[in-house]
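Chemist: next one to model:
(2 chains)
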Amino acid sequence: MAMRPITFFRAGSIDDAVAAVSANPDSAFLAGGTTEIDLLRLGVIQPTLLVDVNELPLTYLEDTEGGGVRIGAMARMSDVARAPRIVERYPGMSQALLLGASEQLRNMASMGGNMCQRTRCAYFRDGQSPCNKREPGSGCSALTGVNRGHAVLGTSDHCIATHPSDVAVALVALDATIRTIGPDGTNTIPIERFFLRPEDTPSVEHPLAHGELIVAIDVPNVPVARTSRYVKHRDRVSYEFALVSVFSAMRVDDAGNVAELRLALGGVGTVPWRAHRAEEALIGRPATPENVAAAADAEFADARTTPMNEFKVTFAKRAIVRELSEVSS
Amino acid sequence: MAINHSTAPADTGVRGPEREPVTLDVNGATYPIELEPRVSLLDALREHLDLTGTKKGCDQGTCGACTVWVDGRRVLSCLTLAMSCEGHQVSTIEGIAQDGELHPMQQAFVDHDAFQCGYCTPGQIMSAIALLREGNATTDADIAEHMSGNLCRCQAYPNIHAAIREVRDADDGG
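Modeler: This next block holds a predicted model:
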């Protein structure tokens, strides 16, 4: 399919990039392009000006005060996944990155772009079906359509599209912060506030102004994350989106009770899903299979399922039980 | 392998949507051509430079047939805009053989019958050479995982993996 004609501007500085996008309401930043070029060719998104940010000096990883890591927005997934400081401090994040996409795509895709990637809901991507995310007010074809892969948490009457990212699941568990520069200056956004649930406006996915560019992701020092893990369950063993994925980092105290727990889920939410309820339910208790199952039940108490995706609730609960039992043993 | 990030050209302003002069560096040669900004690297190679070794399979980043290297890293040329490659070094299957001799990975694919229809083969070979350079081909599982972005509908995977193992284990491997 031929892409619509576009204009192209290679930004030489962050300021130039922000100014170029801010000045043109039909413009968009172009990072790795792995989602964006695809959606442009499909006609799902229709910017007339692409502002290429690939040459910006944002590919760094550096330590922050207090033992965290700042990841430049243009750092590529493959480089971040294998950076020693990520592997050592946040192995679950490294695993999440390496379980996403293919090596070619990981070499292209940037961390900032990953945060902004779009859902793979087939009705969003086909460019024609009613879709409130693509065409606000047109309806949601997935509600009664083929929705086996769709979300069961954080849904609304207007959208049940699953958030596709793996690494974002790790980042919500790690309480990362998104740093931006936009027409109104710099901004920092706690990552859970960066991903908006669909509610009444599925087309609004992030609290970003037009022309606001992600420049870095800050990951704080999280000692328990040194033993974190990411497990991804899917229809084939590689190069596939998650049906259910689990990021977990847990510390059990001398009395055998859960002292710290960071738990987040992929494949089940409209946003990368921090399992706050499950965390709260387990803190101070032993991570017995019964207690973990009860915590998982609490997390999915408000799950909204369809006949095709209700299996995800059982699947996710079992995945959580297996994962936390393994981590604690 | 060291990543050689060539210096990008200076600010060239907003270009397009009509054809604009673009200089592409492919397999060590410099090609001054004219392209619309919407042209992918894949289409630039095939339709403008007559380098048709790189194949168009899905044209949506799913199959890996269009795998090339940019600055030595394997990427999908269908999801890369040609204009964004200015100042970078593109390598394609046509640049792999040296002095009339097949690259060891090409020879291994021949020796192991690592293809049937052959359409995915250029992408498989570009991925396979890069995989050995990346150093993540220790086990069979590693090879399967890191080659998963290259689909082969003829299911030649066992022979592709055998070819990769042979080059990996050769003294001058790749």
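
Chemist: helix, strand or coil: sort out the residue of chain B found nearest chain A for me.
Modeler: Of all residues in chain B, the one sitting closest to chain A is residue B:149 (2.5 Å; C-beta to the nearest C-beta). Quick note: C-beta positions are derived from backbone N, CA and C, even for glycine. Classification of residue B:149 by DSSP: H, G, I helix; E, B strand; the rest coil places it in coil.

Chemist: thought it was touching residue A:102?
Modeler: Yes - assessed by C-beta atoms under 8 Å, residue B:149 is found in contact with residue A:102 at 2.5 Å.

Chemist: which of the residues in stretch A:65-83 are classified as buried?
Modeler: Within stretch A:65-83, the residues scored as buried using 16 or more other C-beta atoms under 10 Å in any protein chain shown are A:68-83.

Chemist: how far does it stretch from one end to the other?
Modeler: Start-to-end span of stretch A:65-83 (C-alpha to C-alpha, to the nearest Å) is 18 Å.

Chemist: paired strands for the host helix or strand of residue B:31, with orientation please.
Modeler: Using DSSP states H and E, residue B:31 sits within strand B:29-35. Sheet pairing here is set by DSSP bridges, and for strand B:29-35 it gives strand B:20-26 (antiparallel).

Chemist: how far off centre is the partner strand?
Modeler: Using C-alpha atoms, centre = their mean, to the nearest Å, the mean C-alpha position of strand B:20-26 is found 18 Å from that of the whole chain.

Chemist: show me which of the buried residues of stretch A:65-83 neighbour chain B.
Modeler: On the criterion C-beta under 8 Å from any C-beta of the partner chain, residue A:78 are the entries of the buried residues of stretch A:65-83 that sit beside chain B.

Chemist: mind checking which of the buried residues of stretch A:65-83 land in strands?
Modeler: Here DSSP state E is the test, and those give A:69, A:70, A:71, A:72 as lying in strands.

Chemist: just put these in CSV and tack on pLDDT and distance to residue A:189.
Modeler: Formatted as CSV, these follow (pLDDT from 0 to 100; distance: C-beta to C-beta, whole Å):
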residue, pLDDT, distance to residue A:189
A:69, 98, 17
A:70, 98, 15
A:71, 98, 15
A:72, 98, 16
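
Chemist: wait, which of those residues is closest to chain B?
Modeler: Nearest to chain B among these, with distances taken as C-beta to the nearest C-beta, is residue A:72, at 14.3 Å.

Chemist: common neighbours of residue B:149 and residue A:102, please.
Modeler: Counting by C-beta atoms under 8 Å, 6 or more residues apart in numbering or on different chains, the shared contacts of residue B:149 and residue A:102 are A:239, B:64.

Chemist: beta-bridge partners for the spatially most central residue of chain B, please?
Modeler: Centroid-nearest residue in chain B: residue B:68, 1.7 Å away (criterion: C-alpha atoms, centre = their mean). Here residue B:68 sits in beta bridges with residue B:75, going by DSSP bridges.

Chemist: for it, give me its contacts.
Modeler: B:41, B:45, B:54, B:74, B:75, B:77, B:90, B:91, B:92, B:93, B:126 are the contacts of residue B:68 under C-beta under 8 Å, 6+ apart.

Chemist: quick one, phi psi at the second one?
Modeler: Looking back up the chat, that one is residue B:45. phi -60, psi -50 (degrees, to the nearest 10).

Chemist: quick one: terminal-to-terminal distance for stretch A:220-228?
Modeler: Termini of stretch A:220-228 sit 14 Å apart (C-alpha to C-alpha).

Chemist: can you give me the neighbour number for the residue of chain B closest to chain A?
Modeler: By the measure other C-beta atoms under 10 Å in any protein chain shown, the count of residues near residue B:149 is 24.

Chemist: secondary structure class for residue A:232?
Modeler: At residue A:232 the chain is in strand, as set by three-state DSSP.

Chemist: quick one: pLDDT of it?
Modeler: Looking at residue A:232, its pLDDT reads 98.

Chemist: need the contact list for it.
Modeler: By C-beta under 8 Å, 6+ apart, the contact set of residue A:232 is A:96, A:99, A:166, A:242, A:245, A:266, A:267.

Chemist: one more: residue A:126?
Modeler: Taking C-beta under 8 Å, 6+ apart as the test, what residue A:126 contacts is residue A:42.

Chemist: ok, now residue A:107?
Modeler: A:76, A:77, A:78, B:73, B:74, B:75.

Chemist: kindly report the same for residue B:39.
Modeler: Applying C-beta under 8 Å, 6+ apart, the residues contacting residue B:39 are B:47, B:48, B:81, B:82, B:83.

Chemist: try 7 Å this time
Modeler: The contact partners of residue B:39, taken as C-beta atoms under 7 Å, 6 or more residues apart in numbering or on different chains, are residue B:82.

Chemist: surely residue B:160 and residue B:124 touch.
Modeler: Yes - with contacts counted by C-beta atoms under 7 Å, residue B:160 reaches residue B:124, the gap being 5.7 Å.

Chemist: give me the common contacts of the two.
Modeler: With C-beta under 7 Å, 6+ apart as the test, residue B:160 and residue B:124 both reach residue B:152.

Chemist: one step back: in the strand holding residue B:31, what counts as buried?
Modeler: B:31, B:35.

Chemist: circling back: pull the most distant pair out of the contacts of residue A:107.
Modeler: Farthest-apart pair in the contacts of residue A:107 is A:77 and B:74; separation 13.3 Å (C-beta to C-beta).

Chemist: same question for the strand holding residue B:31, mean pLDDT?
Modeler: The average pLDDT within strand B:29-35 is 97.

Chemist: run through who's touching it.
Modeler: With C-beta under 7 Å, 6+ apart as the test, strand B:29-35 has contacts from B:19, B:20, B:21, B:22, B:23, B:24, B:44, B:48, B:49, B:82, B:83.

Chemist: any idea how far stretch B:110-117 is from the chain center?
Modeler: Put simply, stretch B:110-117 sits 18 Å off its chain's centre (C-alpha atoms, centre = their mean).

Chemist: which parts of that stretch are buried?
Modeler: Residues of stretch B:110-117 classed as buried by neighbour count (16+ other C-beta under 10 Å): B:112, B:114, B:115.

Chemist: just the CA atoms of that stretch, as CSV, please.
Modeler: Provided in CSV are the C-alpha atoms of stretch B:110-117 (Å, rounded to 0.1, in the frame of the first residue of the first chain):
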residue,chain,number,x,y,z
VAL,B,110,24.1,-23.4,-0.4
ASP,B,111,25.9,-26.3,1.3
HIS,B,112,23.0,-26.9,3.7
ASP,B,113,20.2,-26.4,1.3
ALA,B,114,19.0,-23.7,3.6
PHE,B,115,16.2,-22.6,1.3
GLN,B,116,13.5,-23.8,-1.0
CYS,B,117,11.8,-20.9,-2.8
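
Chemist: that older thread, just the closest of the contacts of residue A:107 to residue A:53, please.
Modeler: Distance to residue A:53, by C-beta to C-beta, is smallest for residue A:76 among the contacts of residue A:107, at 13.0 Å.

Chemist: thank you, goodbye.
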